[in-house]
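*Asks:* A predicted structure for the sequence below; I have some questions about it.
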Amino acid sequence: MRPHLGLQPRHSPCAEPVTHRLADAEGTQAPVCDGHAIAAREEVVGGRIEPL
């Protein structure tokens, strides 16, 4: 699996494996790890988090 950027692209790539797809209310999608998926549940409004 490839590293991902987490929720904010200005950060260094996350070393954890990609396990979920995060989609915001506008349809923008990003691959995320388990940790970032858990954190996104607290922050994303109107989007969805899908396991791969």
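*Replies:* Structure received.

*Asks:* Would you state the strands of the chain in chain order?
*Replies:* Residue ranges of the strands in the chain, as given by DSSP state E, are 20-23, 29-32, 48-51.

*Asks:* Go ahead and name everything in contact with the last one.
*Replies:* Residues from elsewhere that reach strand 48-51, judged by Cβ atoms under 8 Å, 6 or more residues apart in numbering: 19-23, 32, 37, 40-41. C-beta coordinates here come from the backbone N, C-alpha and C atoms, glycine included.

*Asks:* what's the average pLDDT for that strand?
*Replies:* The average pLDDT within strand 48-51 is 94.

*Asks:* Endpoints of stretch 30-38, how far apart?
*Replies:* End-to-end span of stretch 30-38 (Cα to Cα, to the nearest Å): 14 Å.

*Asks:* For it, list every residue counted as buried.
*Replies:* Using 16 or more other Cβ atoms under 10 Å as the test for burial, stretch 30-38 gives 30-33, 36-37.

*Asks:* circling back to that earlier point, in ChimeraX, select just the buried ones from the contacts of strand 48-51.
*Replies:* Provided next is the ChimeraX selection string for whichever of the contacts of strand 48-51 are buried by 16+ other Cβ under 10 Å:
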select :19,20,22,23,32,37,40
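
*Asks:* and residue 31, bridged to which residues?
*Replies:* residue 21 (DSSP bridges).

*Asks:* That one and residue 20 touch, don't they?
*Replies:* Yes: between residue 31 and residue 20 there is a contact under Cβ atoms under 8 Å: 7.4 Å.
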